[in-house]
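A.B. asks: Turn this into a model:
(2 chains)
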There are 2 protein chains.
Amino acid sequence: MTMTPTDTASLNDTMNAMGARARKASALLVKAGPEARTKALKAMANRIRENADMIIAANAKDMEAARAKDLTPSLLDRLELSAARLESIAQGLESVSEIADPVGDVLASWERPNGLQISRVRGPIGVIGIIYESRPNVTADAGSLCVRSGNAAILRGGSESVHSATAITAALQDGLADAGLPRDAVQMVPTTDRAAVGFMLKGLSGNLDVIIPRGGKSLVARVQEEARVPVIGHLEGLCHTYVHESADPVKAIEIVSNAKMRRTGICGATETLLIDASVASELLPKIAKSLQELGCELRGNDKAQAIVPMIAATEEDWRTEYLAPTISIKVVTDITEALEHVQTYSSGHTEAILAEDTAAAERFLNEIDASIVMHNASTQFADGGEFGMGAEIGIATGRLHARGPVGAEQLTIFKYMVRGNGQTRPS
Amino acid sequence: MTMTPTDTASLNDTMNAMGARARKASALLVKAGPEARTKALKAMANRIRENADMIIAANAKDMEAARAKDLTPSLLDRLELSAARLESIAQGLESVSEIADPVGDVLASWERPNGLQISRVRGPIGVIGIIYESRPNVTADAGSLCVRSGNAAILRGGSESVHSATAITAALQDGLADAGLPRDAVQMVPTTDRAAVGFMLKGLSGNLDVIIPRGGKSLVARVQEEARVPVIGHLEGLCHTYVHESADPVKAIEIVSNAKMRRTGICGATETLLIDASVASELLPKIAKSLQELGCELRGNDKAQAIVPMIAATEEDWRTEYLAPTISIKVVTDITEALEHVQTYSSGHTEAILAEDTAAAERFLNEIDASIVMHNASTQFADGGEFGMGAEIGIATGRLHARGPVGAEQLTIFKYMVRGNGQTRPS
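C.D. replies: A predicted model of the protein is given here:
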């Protein structure tokens, strides 16, 4: 759909009006208090259940259009909503209703020698823009985490899921209304026109405080490049699992296989295996066998190829987030070489060491600078739900505000309240 | 000084090399531990004292050039360093050496049902760029807060203070070396060429994580507009003081006079006075008299003019950060009108209510969304030193990462450490 300049101007007005309504809705969410927000989240879950047939009918329209466009089976699978998947969305809303409400938390407080009482108090960021691709459940995850934290959400889903996401948003808005909260606290951009994304990236005249992109690398790269408001997110998850010479062999085989092959398309999947030379000749064949039985292709450095027949890994492989059943393998001299490799190629997402030697593990946890560093666990645990946050709106790899899974608490900022009894500042 | 393309390319290389060295220096600062950072900060103070004559001689060159350029007396005053001012810089370094070292703080930790131990641990942001104007003491404040928090600093001072800032930086670097820490942890951009700022705004090839501008509105606006890395700072401080009908009259006169007139050029100075109509006829004349005796010009709305003769305030006045002995005054009907005015015109910096009615005060503190909200105190307390942070690198009014005074703790981010004993994620 192309738009005339008048249409674009009118879309700009529409988007700015959404931003202004969102700003007001956020203030009302805060004023209403934590119980009202909890009530709304539970009501949202009920409305999803009550409207399940309608949402599935809307989803059927998206599925039909997607089949006509010859989308891949994996994209069709992401898009499809069943009764079971809707029940899981409803349960997700309920679990967000149960997590602690962060608004008003006093993070610190102290008294100054002059008697001023200073406290640092949590509140919402304000208005959060979420730009995402086909998976319709993101609508509920993002909307609910924003409401939990007193933020208004402006959602922009992928064009493939427009009917599904609109139906889910309507159910969320009904839940808000059930609790006496403004429907504008969760709004969906009413068009698939890409110009709408452009207006969001410009910040809706000051009424959009942060953008969270959730989708493939090209979407995130565009958002990071063009946004004039802050962006929270991650470009890629090039995760490493390092098998230290002290690793328990049985755990190593299980964890590496899980970290790579449980699901290969998620950002927490391991893409590169590093293994100490002193144990590689014994252990690498077993790990390789397990990976190959799960359907994984192996690519290795010279030392790895000398132990197990595999394709040669190139420099490009160390830099590649496969998101596919392929792994690059490097046999390293020792932990120093492993740390250097990770520091060089890490995307700052999730990095793991498998070791029984605690000193080696602590060195890795301290020296590796990534959002998540793990010891003796699968990198596939890099997820807000697995961290106990109820849900996540994404994973952040930037160096400001938040890193790792972004839950309700990470959607807040603080302000200072200063209480005095007449203090003036000496000159 | 104009540069040929070759010079610009070579400056770009120089700047990128500074960034790469800063990145390494930050890692070394972290590894060295908190005691080494404390030792370096104390050594910096000693080096400032030892090199006082040299620094004052360098400052004399800047002063000579500044007088030749006919800078205003207030700018000359900001620029000038005396023995007393250097001693105050040395004491500032010592007070930063005494504040708690934030690196490695465990902000939260919990165990998941599957046994995973998760902790959220503080660490430095990494490399901080500070772009500032003439005041040479910013060099020491910024450098010391970065070292305290494990960050490397890349400083770009104003051209007027180049000799002074370079001499202070050399003393800070000597202090780092005394403690066995890398001199590259605090670097000064070695040229006054404006192209250097442009390279910083582009992020030094990924080796500059955040920029903190400290200076006038045009500097901050340029940085906010052009930066491709996150910016922490504030554009202006349009601060309000609201005198509620329950205010103690004596406190109100003292606080308003201090908030406006203690120093008119700082961002925490009050620019607009709001006062309830029910007490204005009695109280406003007394406040006005005190302000006028201190040399303040008054501009008011119709109701204010009806009580005290003054210039008419225009819409423009409500939007103006005077940074001068001028105040705009609005007599309001009640707290609701006061809240509306503040919400409309606030720059999100510091807002104060003077009231003996605690409910009114709490309503103001909760509903006004600014970095700092105050009750019965002067807005001139908006300052990291006054908050007990040892020093500040600036004040933030954005809605991500930090708000209010930015001290060592606000120059940190966290990562997650996950400790397991063999966990794999179920499918």
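A.B. asks: so what are the domain limits for chain A?
C.D. replies: Per automatic domain parsing, the structural domains of chain A span A:5-233+A:406-418, A:239-381.
A.B. asks: How far off centre is the longest one?
C.D. replies: Going back to what we said before, that points to domain A:5-233+A:406-418. Centroid separation for domain A:5-233+A:406-418 versus its chain: 13 Å, with CA atoms, centre = their mean, to the nearest Å.
A.B. asks: right, and the domains of chain A - which one's nearest B:L172?
C.D. replies: B:L172 lies closest to domain A:239-381 among the domains of chain A, at 24.3 Å (CB to CB). C-beta: built from backbone N, CA, C; applies to glycine.
A.B. asks: Distance check, A:P309 against A:S290.
C.D. replies: Going from A:P309 to A:S290 by CB to CB, to the nearest Å gives 16 Å.
A.B. asks: Those two - which one has more neighbours?
C.D. replies: Taking neighbours as other CB atoms under 10 Å in any protein chain shown, A:P309 and A:S290 compare with A:S290 leading, 18 against 10.
A.B. asks: Hmm, the more buried one is touching A:A252, no?
C.D. replies: No - using CB atoms under 8 Å, A:S290 is not in contact with A:A252; the gap is 9.7 Å.
A.B. asks: what about A:A100, how many residues close to it?
C.D. replies: With other CB under 10 Å as criterion, A:A100 counts 10.
A.B. asks: Just to check, A:A185 is in contact with A:S149?
C.D. replies: No - in this structure, A:A185 is not within contact of A:S149 by CB under 8 Å, at 11.1 Å.
A.B. asks: which ones are touching the spatially closest residue to A:V210 that is not a sequence neighbour?
C.D. replies: Here the nearest residue to A:V210 in space, its sequence neighbours aside, is A:P230; by CB to CB, 6 or more residues apart in numbering or on different chains that works out to 4.9 Å. For A:P230, the contact set (CB atoms under 8 Å, 6 or more residues apart in numbering or on different chains) comprises A:209-211, A:400-401, B:230, B:398, B:400.
A.B. asks: Tell me the spacing between A:P230 and A:L201.
C.D. replies: Here A:P230 is placed at a distance of 11 Å from A:L201 (CB to CB).
A.B. asks: What residue, apart from its backbone neighbours, is nearest whichever residue of the stretch 201-350 of chain A sits closest to chain B spatially?
C.D. replies: Here the residue of the stretch 201-350 of chain A nearest chain B is A:N258; by CB to the nearest CB that distance is 3.7 Å. Leaving out its chain neighbours, the residue that sits closest to A:N258 by CB to CB, 6+ apart is B:T424, at 3.7 Å.
A.B. asks: ok so, going back, need the residues touching each of A:P230 and A:L201.
C.D. replies: Residues touching both A:P230 and A:L201 (CB under 8 Å, 6+ apart): A:I211.
A.B. asks: Which parts of the stretch 101-250 of chain A are helices?
C.D. replies: A:137-148, A:162-178, A:195-202, A:217-226, A:249-261 (DSSP state H, counting those that start in this stretch).
A.B. asks: most tightly surrounded among those helices?
C.D. replies: Among those, helix A:137-148 has the highest mean neighbour count (mean count of other CB atoms under 10 Å in any protein chain shown), at a mean of 28.
A.B. asks: count of neighbours near A:E80?
C.D. replies: A:E80 has 16 neighbours, counted by other CB under 10 Å.
A.B. asks: wait, isn't A:D101 in contact with A:R148?
C.D. replies: Yes - counting by CB under 8 Å, A:R148 is a contact partner of A:D101 at 6.4 Å.
A.B. asks: Give the intersection of the neighbour lists for the two.
C.D. replies: Shared contacts of A:D101 and A:R148, defined by CB under 8 Å, 6+ apart, comprise A:37, A:408.
A.B. asks: pLDDT at the nearest residue to A:R183 once chain neighbours are set aside, what is it?
C.D. replies: Distances taken as CB to CB, 6+ apart place A:Q173 nearest to A:R183, at 4.1 Å, with adjacent residues excluded. On pLDDT, A:Q173 comes in at 98.
A.B. asks: Likewise for A:T264?
C.D. replies: Predicted confidence (pLDDT) for A:T264: 95.
A.B. asks: doesn't A:I327 make contact with it?
C.D. replies: No - applying CB under 8 Å as the test, A:T264 and A:I327 come out as separate, 9.3 Å apart.
A.B. asks: By mean pLDDT, which helix or strand of chain A comes out lowest?
C.D. replies: helix A:73-79 (a mean of 88; mean pLDDT, DSSP states H and E).
A.B. asks: Select the longest strand from chain A.
C.D. replies: Using DSSP state E to define each element, chain A has its longest strand at strand A:412-423.
A.B. asks: That strand - which strands sit beside it in the sheet, and in what orientation?
C.D. replies: strand A:117-124 (antiparallel), strand B:372-377 (parallel) (DSSP bridges).
A.B. asks: what's the angle from that strand to helix B:249-261?
C.D. replies: 120 degrees (axes from the mean of the first three to the mean of the last three CA atoms, to 10 degrees).
A.B. asks: buried residues in strand A:412-423?
C.D. replies: Buried residues in strand A:412-423, defined by neighbour count with 16 or more other CB atoms under 10 Å in any protein chain shown: A:412-420, A:423.
A.B. asks: now A:D317: how far from A:Y345?
C.D. replies: From A:D317 to A:Y345 the distance is 10 Å (CB to CB).
A.B. asks: Between these two, which contacts overlap?
C.D. replies: A:T272.
A.B. asks: These two: who's more crowded?
C.D. replies: Neighbour totals were compared for A:D317 and A:Y345, and A:D317 leads with 21 against 18 (other CB under 10 Å).
A.B. asks: which residues does A:T333 contact?
C.D. replies: With the criterion set at CB under 8 Å, 6+ apart, A:T333 makes contact with A:276-277.
A.B. asks: Could I get the phi/psi values of it?
C.D. replies: When read as degrees, to the nearest 10, the backbone of A:T333 gives phi -70, psi -50.
A.B. asks: near chain B, which residues of the stretch 101-250 of chain A show up?
C.D. replies: Of all the residues in the stretch 101-250 of chain A, those in contact range of chain B (CB under 8 Å from any CB of the partner chain) are A:110, A:112, A:116, A:118, A:123, A:125-126, A:209-210, A:230, A:232, A:248.
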